[in-house]
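> kindly generate the corresponding structure for this input.
(chains A and B)
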There are 2 protein chains.
Amino acid sequence: MEVVKIKELFRNTEQYLDKEVTVGGWIRSIRDSKTFGFIVISDGSFFEPLQVVYGEKLENFQEITKQNVGAALIVKGTLVATPNAKQPFEIQAACVEIEGVSAPDYPLQKKRHSFEYLRTISHLRPRTNTFQAVFRIRSLCAYAIHSFFQERGFVYVHTPIITGSDAEGAGEMFQVTTLDMENVPMAEGKIDYSKDFFGKETNLTVSGQLNGETFAQAFGNIYTFGPTFRAENSNTTRHAAEFWMIEPEIAFADLDDNMDLAEDMLKYVIRYVLEHAPEEMNFFNSFVDKGLIERLNNVMNSDFERITYTKAIELLEEVNDRFEYKVHWGSDLQTEHERYLTEELYKKPVFVTDYPIEIKAFYMKQNSDGKTVAAMDCLVPGIGEIIGGSQREDDLNKLVARMKETGLSEEEYQFYLDLRKYGSTRHAGYGLGFERCIMYLTGMGNIRDVIPFPRTTGNADL
Amino acid sequence: MEVVKIKELFRNTEQYLDKEVTVGGWIRSIRDSKTFGFIVISDGSFFEPLQVVYGEKLENFQEITKQNVGAALIVKGTLVATPNAKQPFEIQAACVEIEGVSAPDYPLQKKRHSFEYLRTISHLRPRTNTFQAVFRIRSLCAYAIHSFFQERGFVYVHTPIITGSDAEGAGEMFQVTTLDMENVPMAEGKIDYSKDFFGKETNLTVSGQLNGETFAQAFGNIYTFGPTFRAENSNTTRHAAEFWMIEPEIAFADLDDNMDLAEDMLKYVIRYVLEHAPEEMNFFNSFVDKGLIERLNNVMNSDFERITYTKAIELLEEVNDRFEYKVHWGSDLQTEHERYLTEELYKKPVFVTDYPIEIKAFYMKQNSDGKTVAAMDCLVPGIGEIIGGSQREDDLNKLVARMKETGLSEEEYQFYLDLRKYGSTRHAGYGLGFERCIMYLTGMGNIRDVIPFPRTTGNADL
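This next block holds a predicted model:
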């Protein structure tokens, strides 16, 4: 079918003005007087809809007037400038074909619906203004991330979803099995996983980092971008059981290189969405999070602050009475502390580095002070932590010792130790939660509203 | 750290010639005479390695000569043209820093290893020539696919990995659970899934299509690109339990539009990898699959043939004696039939369309002949089927009737039926198995060798 997209009409208007065009879209609103009517249609290609004017000369005029919101139309007509109207142009219809009617009980009538209600119709909510904008930003942001890394020669690696190891021992995991749950095979009093599909117990991945490191030691610079899972029973606005994560890993690189990369990436992504979706970003700025664009511009134009954890604790202790959770050297930072640093003190993104070894993962590089590791968290105004990463321990002996201290099995991690045995390099990496990033870019406050079909405790609809 | 990538030296040589550069990489080979030596290093950025010449003036000359294959080095020196040598230039080292030694038992000594052996060291095989090439093509191909769709305004949708429905009832699925397998909770003689994480039985997705359709009816044109799963006990060179799939879906579009899109996409991807990885593609053409590049060029420059299933059966029946499986109208096409059509008869890609309704999925659009559906399979020389798709049934009553015939529950698919109730449109889509595509582009014969960490029956290593 020869249809032109509404985005194309808006972006290259001159080319189409006063010419005949054919558009396919869905009715957003429809009204008529006796002899003519107006229809506003959206085809999902662009944030702004298109106005169609139709008159009684159309042989199916009566039929058109009876259409409901949500019906699909194919409109052929002339694109005409409307200099005195709100919209820049409209179509004067020569033909309006009803592609698919919309039943009168269509749930998305022209009125405001709560996000809570829209979550119950996840198959229809992408037709609303807000979710058109959210999911278009999500798509653009994903592509911006790919472009950023590909332009820099990074190799995209698909790390496995089903895994036999539990990565950093982090968090609750989902089990993956083909065993008959009603009749689980047992051997010597234990589950007989030799009968399971993979011949052992398997789970859904919580991180691709360790696999990613093996590729970084072959390709130098790599990134992952895939789904990860947490079976945590936390019913918050920031946690989902299934979410996407980006994990770059860079060889011949240290913590400074890692921070440079993270800073460049965030600025690139912000610039990309502001440039490629100005209408959507203005919508969020006006209706979802006033001040959003100013905040993003500020991030884009700042040199991110870089302070050590020890310095951060000093700064926080000066105002400890403001906090619900008092800080001291050795305590983890809570959101209230992170937001104080980034929103009040520095008013821009802040990297906090060199955390106490006890509160960070076993694979982080031990600093020469014997008590901190070369970790980094990136805190941004409005959210707090958005990125966490570190330089990795590249010394085989130190890594083995740390694994013993934390009770990890050398045997299970032999592949990881091999990387330190055969051509170990300084290397570093970080993780960016994709949904956290979308929330940050759009100002949306609930992770359920930035995932097409969110999975949370008790919810796996569609 | 300030290191320059070897790819940069090859692509912008003039800029670096006779200047000091610093490179970080891993030893591919090393040899020395008494007063000087040669090292070939790779940094994973480029298919060609770099030669380093070092002399006895270096204070750690003896230490360098003792390094093994696989060791990591940081080399500082002058880039010098070598017009009489095989390689275009080399580095004359002023300084060679040992970043990480390689133990003498390094499994990748400079000799040929079988793919079978390399599969047992999936954390090291990306350091070999073949897997450097495979996984760089994989990365480029993924990006080409994103670029193709993004340039055309398609919205990228992350359809869910964990799902409560079984899509088209296709194939064996992996169950996802947090229930205690040693003590599965029962209620009234059945497993009590109300106690499971999502409050119901859940599985890993086999296709994002139905979810994708909901977004196509909102955005017009969308695509998915994510992992999918089959718990099939098939130990072949073409099946994996975990693989990635691309599924575009287009509204206001019919089967012809669908074929146009698939044809454009394949040509785009082939052109992209030939342009962006000529060294890798030449390697595959020389050492893995002679004739590869000619075949891909042929595909890129052909108009794909388009024939109906009925016509295909006529053509195949003429030579039925050649086939192990004899065809007749109503039978499914086997690989031998597909390859005859595409390799011998047409010698180019062939779309076969309009299959018997009985051998295709319930959601495919019924043709007016009452016995076929608007399906399409794309067959390519060397592989057979690489893409399968269809126009979708957009008529609510026909769809409901077909679901009844095939025993599907209307209740479970209510969201899918809603799409036909509220503004139904002609729409179509297809699925491309990403690994199948990589095999096609590289000539690699086993799916285990195009997936970073393959998952097959009995195998979920790392």
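
> okay, helices next: where are they in chain A?
Using DSSP state H, the helices of chain A run over A:6-11, A:13-16, A:61-65, A:115-119, A:129-151, A:209-219, A:255-276, A:278-287, A:292-301, A:309-317, A:335-339, A:396-405, A:414-421, A:434-442.

> which of those helices is buried the deepest?
The highest average neighbour count among the helices of chain A, using mean count of other CB atoms under 10 Å in any protein chain shown, belongs to helix A:209-219 at a mean of 26. Every C-beta, even on glycine, is put in place using the N, C-alpha and C of the backbone.

> bridged to the residue nearest to A:S424 when sequence neighbours are not counted, which residues?
Leaving aside its chain neighbours, A:S424 sits nearest to B:G100 (3.4 Å; criterion: CB to CB, 6 or more residues apart in numbering or on different chains). Taking DSSP bridges, one obtains B:A72 as the residues bridged to B:G100.

> list the contacts of B:G100.
Counting by CB atoms under 8 Å, 6 or more residues apart in numbering or on different chains, B:G100 touches A:D394, A:R420, A:G423, A:S424, A:T425, B:A71, B:A72.

> A:F215 too?
A:V155, A:V157, A:I222, A:E249, B:P126, B:F135, B:P452.

> what pLDDT does the model give the first one?
Per-residue confidence (pLDDT) for A:V155: 98.

> columns mean pLDDT on top of the helices of chain A, output as CSV?
Below are these laid out as CSV (pLDDT from 0 to 100):
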stretch, mean pLDDT
helix A:6-11, 97
helix A:13-16, 97
helix A:61-65, 97
helix A:115-119, 97
helix A:129-151, 98
helix A:209-219, 98
helix A:255-276, 98
helix A:278-287, 98
helix A:292-301, 94
helix A:309-317, 98
helix A:335-339, 95
helix A:396-405, 96
helix A:414-421, 97
helix A:434-442, 97
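
> A:E343 contacts A:V380, correct?
No. Applying CB atoms under 8 Å as the test, A:E343 and A:V380 come out as separate, 9.0 Å apart.

> higher neighbour count, the two?
Each of A:E343 and A:V380 has its neighbours counted (other CB atoms under 10 Å in any protein chain shown); A:V380 has more, 24 against 18.

> how near is the residue lying closest to A:E317 once chain neighbours are set aside to A:E242?
Take A:E317 and drop its neighbours on the chain: the residue closest to it by CB to CB, 6+ apart is A:V327, 6.3 Å away. A:V327 sits 33 Å away from A:E242 when distances are taken as CB to CB, to the nearest Å.

> for A:V53, give me the pLDDT.
With respect to pLDDT, A:V53 scores 98.

> one more: A:D321?
pLDDT at A:D321 comes out at 97.

> and the closest residue to A:K267 other than its chain neighbours, what does it touch?
Closest residue to A:K267 apart from its sequence neighbours, by CB to CB, 6+ apart: A:M300 at 5.1 Å. For A:M300, the contact set (CB under 8 Å, 6+ apart) comprises A:K267, A:I270, A:R271, A:L274.

> distance of the last one relative to chain B?
With distances taken as CB to the nearest CB, to the nearest Å, A:L274 is found 17 Å from chain B.

> cool, A:P227 as well?
Per CB to the nearest CB, A:P227 is found 5 Å from chain B.

> again, but for A:E279
14 Å.

> then A:F10?
From A:F10 over to chain B the distance is 12 Å, taken as CB to the nearest CB.

> find the residue closest to the residue in the stretch 251-400 of chain A positioned nearest to chain B in space, skipping its chain neighbours.
Sorted by distance to chain B under CB to the nearest CB, the residues of the stretch 251-400 of chain A start with A:F252, at 3.5 Å. Distances taken as CB to CB, 6+ apart put B:G24 closest to A:F252, at 3.5 Å, once the chain neighbours are dropped.
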